[in-house]
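*Asks:* Fold the stuff below for me.
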Amino acid sequence: MAVGSGKNLTKKQLEGLVGELQREVEALTNARSEAETNLETAHETIRGQIEALNTARAEVAAAEEAANAARAQAAAAEDARAALQAQVNAATGGGDQVAGNPAVVMPLIERPTGSGWSIREAMQVDHVDYAEIQRTIRSLVICSQLDWTDDFRRQDADKLATMFRAARKAHPVLHRYINNWATAAIARQYMQNKRKHAYKQGYIKKRPNAMDGNNKRQHDDDDAMGGAGAGGTGA
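*Replies:* Model prediction:
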């Protein structure tokens, strides 16, 4: 608003000048408020970005910690495997290792097929080791509360599992025999012989044979194998 010197301003001109100044002040105030709002928004954005960055850093640290824990578990598992392998090697006289590769040991042993085979020979252990394993398993049959008066196939699965675990712990070489067949063979033979003696002395009577899926009588171990035990002899 173009005006002359202050001495020549009229009241109307002064009022116009005051109004214009007020509008300028209001515009500046609005601009300042908008700037402050924008600045606060920028601060909020920055704070959000910092928080997101901190969260990402925490997630990276957690992921690294989890990876380290997984590596530690893998190392522990490998150590446990190596320790078990060493026990198996020691129990089997060192094992047949491949030249230049000590990690390769004797393979697992499957249960023989057919009848008339020797448990000890199938296990590939000497007489001394076999006798020790026999003593342990006979004791475990009693400690596991297996019912030696009944057929081996009708024993409680949990009790059998307990016996198998305890036998492997006492004699790591038993890990070599797939599905615990050697432990089962020795236990079955012991239970059959114990039943056979009890039958002969009249301590117990034979139980009726179980029915199979075709409603036919199943042969018990004593009927099928004469109490010899698990398809083979203990010699």
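
*Asks:* Does residue 190 lie in a helix or a strand, and which?
*Replies:* Assigned by DSSP states H and E, residue 190 belongs to helix 181-201.

*Asks:* what comes up buried for that helix?
*Replies:* Using 16 or more other CB atoms under 10 Å as the test for burial, helix 181-201 gives 181-195. C-beta coordinates here come from the backbone N, C-alpha and C atoms, glycine included.

*Asks:* same question, stretch 134-144
*Replies:* 134, 136, 137, 138, 140, 141, 144.

*Asks:* what about the second one, which helix or strand?
*Replies:* Taking DSSP H and E as the criterion, the element that holds residue 136 is helix 127-143.

*Asks:* Can you name the residues that contact residue 190?
*Replies:* 134, 137, 138, 141, 148, 229 (CB atoms under 8 Å, 6 or more residues apart in numbering).

*Asks:* Residue 49: which of those residues is nearest?
*Replies:* Nearest to residue 49 among the contacts of residue 190: residue 137, at 67.7 Å, using CB to CB.

*Asks:* And the pLDDT for the closest one?
*Replies:* At residue 137, the model reports a pLDDT of 96.

*Asks:* Which residue, other than its chain neighbours, is closest to it?
*Replies:* Using CB to CB, 6 or more residues apart in numbering and skipping the chain neighbours, the partner closest in space to residue 137 is residue 186 (4.6 Å).

*Asks:* Listing request: residues of the protein with sub-threshold pLDDT.
*Replies:* 1-7, 81-106, 207-235 (pLDDT under 70).

*Asks:* re earlier: pull the most distant pair out of the contacts of residue 190.
*Replies:* Pairwise over these, using CB to CB, the maximum falls at 134 and 148, 14.9 Å.

*Asks:* for the contacts of residue 190, which one is nearest residue 114?
*Replies:* Nearest member of those to residue 114, counting by CB to CB, is residue 229, at 14.5 Å.

*Asks:* ok, back up a step: got a list of contacts for the helix holding residue 136?
*Replies:* Against helix 127-143 from outside (CB under 8 Å, 6+ apart): 91, 119-120, 123, 125, 148, 163, 166-167, 170-171, 173-174, 182-183, 186-187, 190-191, 234.

*Asks:* now the helix or strand hosting residue 62 against helix 127-143, angle please.
*Replies:* Residue 62 is part of helix 11-91 when elements are defined by DSSP H and E. Using axes from the mean of the first three to the mean of the last three CA atoms, to 10 degrees, the direction of helix 11-91 lies 120 degrees away from that of helix 127-143.

*Asks:* Show me how far helix 11-91 is from its chain's centre.
*Replies:* How far helix 11-91 lies from its chain's middle: 37 Å, per CA atoms, centre = their mean, to the nearest Å.

*Asks:* Just after that helix, pick out the following helix or strand.
*Replies:* Using DSSP H and E, the helix or strand that directly follows helix 11-91 along the chain is strand 117-118.
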